[in-house]
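Colleague: structure for this input, please:
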Amino acid sequence: MVTPVANTYQKYWPFYQKYGGHTFPKEHLKKAIADIEEMCNVLQGEGVIVKHPEIIDWTENYKTPDFESTGMYAAMPRDILLVVGNEIIEAPMAWRARFFEYRAYRPLIKDYFLRGAKWTTAPKPQMSDKLYDMDYPIFSVEDRNHLAAEGKFVTTEHEPCFDAADFIRAGKDIFVQRSQVTNLMGIEWMRRHLAPTYRIHTISFKDPNPMHIDATFNIIGPGLVLLNPDRPCHQIDVFKKAGWTIISPPSPLIPDDHPLWMSSKWLSMNVLMLDEKRVMVEKNETTIQKMFEKLGIATVRVDIRNANSLGGGFHCWTCDIRRRGTLQSYFN
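Modeller: Now for the predicted structure:
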């Protein structure tokens, strides 16, 4: 159980002991599906073309020479797909339960490929026990902060692995964090693969459990970045010297008793920029709505609190394949 324990909050460990290898609670799942269906309806109303992955039975067991598992879901396209220019990159992932998640997106990717897109699959890790620190220590938040600061994570450097959600783009510059699911070998693979057109910058945060960057650091426009006040960035001077505006979002309003089995309350800042003047934001997070309005950005409000419980906000539940604009460099 080392991987889920290392990547989730302690209060939810009993939930995984009960539901591990099974579906999420069915009544909650129905509500989450309704949330996302409404989100898709609103996106279409805003002029966005919405496409869905294939439906796959993730309860079926699968086995490789190195491990045996069932799947989890293909709910978060941002986790597995990274779009850079006209190239769609399939991330290799780091959890065994997500090894075959790419299968849900293959029909969509093949369609884009046939229409001219580049298609790259990063090296698939074997995910043997050597990829994980099977004795990874589980301590308090303070102790985990020390572990992360010392470069100690549940994933080792045995082979490259990464989730696409640990990367975030700003034109020709791509920022990434070393996390529980993205190792240095994975970052180096991306660096070599995208050079020289794109530059990879590794940044880090005071975060006891780094996994996916977009509830910690979220770029909302040219020269504008949301930075989680609870997880300060160690390289913040890079952005200040480039003239960027660092915005500290208000504290989340999500109630303490709302289940967040795979995430934190800071999904409030996990927003989706439709363009430079429109943002999709949680309907119940009124304080961050006011923050955007003061910035001159119109808010498109949707309630996906039930979907939040499964592990993601608007940025996670979507992956934009095409956007209008030009490729620029915002850093010297």
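
Colleague: moving C-terminal of whichever helix in the chain runs longest, what's the next helix or strand?
Modeller: Secondary structure of the chain read by DSSP state H shows that its longest helix is helix 26-45. Counting by DSSP states H and E, the element after helix 26-45 in chain order, helix or strand, is strand 62-63.

Colleague: picking that back up, I'd like the average pLDDT over the longest helix of the chain.
Modeller: Throughout helix 26-45, pLDDT has a mean value of 97.

Colleague: list the contacts of it.
Modeller: 23-24, 50, 52, 259, 274, 280, 300, 302-307, 309-310, 314, 317-318 (CB atoms under 8 Å, 6 or more residues apart in numbering). The way it works is simple: take the backbone N, C-alpha and C, and place the C-beta from them, glycine included.

Colleague: kindly give a single ChimeraX line that selects the buried subset of those.
Modeller: Restricted to buried positions by 16 or more other CB atoms under 10 Å, the ChimeraX selection for those reads:
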select :24,259,274,280,300,302,304,305,306,307,309,310,314,317,318
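
Colleague: can you tell me the SS state at the residue of the chain positioned farthest from its centre?
Modeller: Of all residues in the chain, residue 65 sits farthest from the chain's C-alpha centroid, using CA atoms, centre = their mean; the distance is 28.4 Å. Assigned by DSSP: H, G, I helix; E, B strand; the rest coil, the conformation of residue 65 is coil.

Colleague: distance of residue 76 from residue 285?
Modeller: 19 Å (CB to CB, to the nearest Å).

Colleague: need the nearest residue in space to the spatially most central residue of the chain, chain neighbours excluded.
Modeller: Central residue of the chain (CA atoms, centre = their mean): residue 165, 3.2 Å from the mean position. Spatial nearest neighbour of residue 165, chain neighbours left out: residue 212 (3.9 Å); criterion: CB to CB, 6 or more residues apart in numbering.

Colleague: what secondary structure does that neighbour sit in?
Modeller: With three-state DSSP as the basis, residue 212 sits in coil.

Colleague: doesn't residue 280 belong to a helix?
Modeller: No. Assessed with three-state DSSP, residue 280 is strand; it does not lie in a helix.

Colleague: ok, it touching residue 289?
Modeller: No. With contact defined as CB atoms under 8 Å, residue 280 does not count as touching residue 289 (11.0 Å).

Colleague: which residues of the stretch 1-150 of the chain score low on pLDDT?
Modeller: For the stretch 1-150 of the chain, applying pLDDT under 70 flags the ranges 1-7, 138-145.

Colleague: so who does residue 97 touch?
Modeller: Residue 97 sits next to 69-72 when contact means CB under 8 Å, 6+ apart.

Colleague: on that earlier part again, from residue 167, how far off is the residue nearest to residue 165?
Modeller: 10 Å.

Colleague: the two - which one has more neighbours?
Modeller: residue 212 (28 against 24; other CB atoms under 10 Å).

Colleague: bridged to residue 247, which residues?
Modeller: residue 226 (DSSP bridges).

Colleague: just checking, it touches residue 226?
Modeller: Yes. Taking contacts as CB under 8 Å, residue 247 lies within contact range of residue 226: 5.3 Å.

Colleague: what about the two, which has more around it?
Modeller: For the pair residue 247 and residue 226, the greater number of neighbours falls to residue 226 (24 against 16), based on other CB under 10 Å.

Colleague: surely the more buried one meets residue 250?
Modeller: No. With contact defined as CB under 8 Å, residue 226 does not reach residue 250; the gap is 10.6 Å.

Colleague: sorry, back to before: reformat the contacts of residue 97 as JSON lines; add neighbour count.
Modeller: Formatted as JSON lines, the contacts of residue 97 follow (neighbours: other CB atoms under 10 Å):
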{"residue": "69", "neighbour count": "17"}
{"residue": "70", "neighbour count": "16"}
{"residue": "71", "neighbour count": "21"}
{"residue": "72", "neighbour count": "21"}
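
Colleague: which pair in those spans the largest distance?
Modeller: Farthest apart among those by CB to CB are 69 and 72. That separation is 8.9 Å.

Colleague: looking at the contacts of helix 26-45, which are in strands?
Modeller: Cross-referencing those against strands under DSSP state E gives 274, 280, 300, 302.

Colleague: wait, what's in contact with the last one?
Modeller: Contacts for residue 302 were tallied using CB under 8 Å, 6+ apart; they are 35, 38-39, 42, 280-283, 314.

Colleague: and the helices in this protein?
Modeller: Using DSSP H, helices in the chain cover 2-7, 13-19, 26-45, 77-80, 106-114, 141-149, 184-194, 236-241, 286-294, 305-308.

Colleague: turn those helices into CSV, including distance to residue 203.
Modeller: Shown next, in CSV, are those (distance: least, CB to CB, whole Å):
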stretch, distance to residue 203
helix 2-7, 20
helix 13-19, 29
helix 26-45, 29
helix 77-80, 18
helix 106-114, 28
helix 141-149, 13
helix 184-194, 11
helix 236-241, 8
helix 286-294, 22
helix 305-308, 25
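
Colleague: which of those sits closest to residue 89?
Modeller: helix 184-194 (7.8 Å).

Colleague: circling back to that earlier point, shared neighbours, residue 247 and residue 226?
Modeller: residue 220.

Colleague: and residue 81, how far from residue 320?
Modeller: Counting by CB to CB, the separation of residue 81 from residue 320 is 10 Å.
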